[in-house]
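>>> 3D, please:
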Amino acid sequence: MSERFAPDVETALRDAGWRPGRTLDADALAEIHRAVSARSGVFGGKLTASYAADPVLAEFGGLVIGGDREGLQVSPRPFAIDPSLAAHSVETLIDAGRALGTRLYPIGVEGDDEAVLAIAATGAVIAIDPVGEWLLGDTFDEALETLVTGRAPRLLGTGGIHEPDWLPPPPDELEQGDLLPQWGLKRPIGAAFYLPRTPANLHYVLLPSLLNRIGTVPWVNESDPGTFWVEWGGQSCEVRLLDLVEGTTVLVLAFEQHAWREEGGQQVLEAFRNACAALAPDLDVAFLHAQRVPSLLQAVVDRAYDVVTVDGDALVDRGFELLYLTDKMDYGVAPRDELPVTGGHLFAGSP
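Down below sits the predicted model:
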């Protein structure tokens with residue numbers, strides 16, 4: 001026995017065919033990745049190869065471990081380390097990865113196809129089932145111990161993996177008045193639409209539905225399947241869907257500030273008004289943010305408190321290019337011109 005695994009874990013691995021030093025050759029790994037990349041989800045979303053998955057698959061790929069053991073806290077289920085068995089779950093993995101803030105790659109299944117096993121870019125291993133996303137371990141070795149011994153996994157919430165895809169530079173490296181880049185955009189401005197969050201708001205289902213409702217068809221960047229782009233209001237927009245702790249889902253459409261200035265904003269203004277009408281009565285609040293701010297997403301998150309506390313006065317005072325409020329909002333309308341719109345009230349201009 002080695003010192004790497006507990007005796008019962010190593011016994012289960014050896015019974016399945018594992019031995020210290022076991023490894024698949026490069027051709028076998030390439031074939032695994034081809035099988036996964038051959039599957040695509042709605043609107044062309046694909047799962048990209050993961051460096052974190054390669055050493056796991058090289059050592060444990062193809063193993064099937066039974067579940068006929070007593071568990072510490074839950075009954076162990078059989079599981080297989082074979083990404084091809086989970087490759088059909090493209091949409092589930094993209095959805096869960098977006099919610100957890102990391103990219104996920106399939107490594108197998110648990111039970112009778114009851115859960116998908118996936119590895120994050122950080123190396124953490126999770127199981128995804130109809131209940132939610134469960135952390136099996138911060139490493140694959142820890143996940144093996146959880147699966148084999150029947151240790152209870154931890155249910156993850158939104159943002160549970162915390163893998164930032166970009167970090168801002170230190171403040172002393174920023175010039176005065178500089179804006180922080182957002183995703184692939186250098187100077188982003190955009191529109192935000194706040195809707196009540198429900199258990200049905202799975203991104204890969206809800207996001208395309210919302211975009212279709214506002215009259216645009218999304219496409220995905222194959223190198224980043226969690227990202228959608230649309231043509232909206234004459235602008236090429238990057239799309240994000242935020243699940244906020246206040247029970248709110250926010251659809252964010254971001255585009256470059258220079259495009260707004262150079263091409264004029266009339267098309268965007270019309271598209272915004274049409275989108276508010278199309279999303280009613282589900283829409284609570286929406287605004288078009290055309291001011292210079294350090295972080296567009298942070299500005300969107302900061303306004304969530306005003307939305308959930310039904311503080312229309314605070315929203316009116318923000319000076320948005322356009323602001324949509326429903327009848328339930330307590331707002332002051334004197335400083336603003338109201339525009340006709342179905343389902344609520346639309347205000348233009350700064351107070």
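
>>> who does D243 bridge with?
Per DSSP bridges, the residues bridged to D243 are T249.

>>> what about the helices in the stretch 51-200 of the chain?
In the stretch 51-200 of the chain, the segments counted as helices under DSSP state H, counting those that start in this stretch are 53-60, 90-100, 140-149.

>>> Nearest to V310, out of those helices?
helix 90-100 (26.5 Å; C-beta to C-beta). Just so you know, the C-beta spots here come from the backbone N, C-alpha and C atoms, and that holds for glycine as well.

>>> For the closest one, name the packing helices and strands.
strand 104-110, strand 115-120, strand 125-129, strand 132-137, helix 203-213, strand 224-232 (3 or more C-beta pairs under 8 Å, 6 or more residues apart in numbering; DSSP states H and E).

>>> cutoff 10 Å now
strand 104-110, strand 115-120, strand 125-129, strand 132-137, helix 203-213, strand 224-232, strand 235-244 (3 or more C-beta pairs under 10 Å, 6 or more residues apart in numbering; DSSP states H and E).

>>> Three-state assignment for D8, please.
helix (DSSP: H, G, I helix; E, B strand; the rest coil).

>>> What is the neighbour count of it?
Residue neighbour count, defined by other C-beta atoms under 10 Å, stands at 13 for D8.

>>> who touches it in this structure?
69-70, 145, 148-149 (C-beta atoms under 10 Å, 6 or more residues apart in numbering).

>>> at 7 Å instead, please
148-149 (C-beta atoms under 7 Å, 6 or more residues apart in numbering).

>>> What residue spans form the domains of this protein?
Domain assignment for the chain by automatic domain parsing gives 7-155, 182-348.

>>> Distance to L63 and mean neighbour count for the helices and strands packed on helix 90-100 - can I get that in a markdown table?
Converted to a markdown table, these look like this (distance: least, C-beta to C-beta, whole Å; neighbours: other C-beta atoms under 10 Å):
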| stretch | distance to L63 | mean neighbour count |
| --- | --- | --- |
| strand 104-110 | 9 | 26 |
| strand 115-120 | 12 | 26 |
| strand 125-129 | 14 | 24 |
| strand 132-137 | 15 | 20 |
| helix 203-213 | 30 | 18 |
| strand 224-232 | 27 | 20 |
| strand 235-244 | 35 | 20 |
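
>>> would you turn those into TSV with distance to E321 and mean pLDDT?
TSV is the format used below for the helices and strands packed on helix 90-100 (distance: least, C-beta to C-beta, whole Å; pLDDT from 0 to 100):
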stretch	distance to E321	mean pLDDT
strand 104-110	37	93
strand 115-120	38	93
strand 125-129	40	92
strand 132-137	37	89
helix 203-213	21	78
strand 224-232	15	75
strand 235-244	14	81
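
>>> Go through these and name the closest to G190.
Using C-beta to C-beta, the nearest of these to G190 is strand 235-244, at 7.0 Å.

>>> tell me the angle the closest one makes with helix 90-100.
If you take axes from the mean of the first three to the mean of the last three C-alpha atoms, to 10 degrees, strand 235-244 sits at 70 degrees to helix 90-100.

>>> which helices and strands sit right next to strand 235-244?
helix 203-213, strand 224-232, strand 248-256 (3 or more C-beta pairs under 7 Å, 6 or more residues apart in numbering; DSSP states H and E).

>>> Now render the ones you listed as CSV, adding distance to A121.
Below are those laid out as CSV (distance: least, C-beta to C-beta, whole Å):
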stretch, distance to A121
helix 203-213, 18
strand 224-232, 12
strand 248-256, 23
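
>>> re the thing from before, which of the helices of the stretch 51-200 of the chain sits closest to D327?
Checked against C-beta to C-beta, the stretch from those lying closest is helix 90-100, at 31.6 Å.
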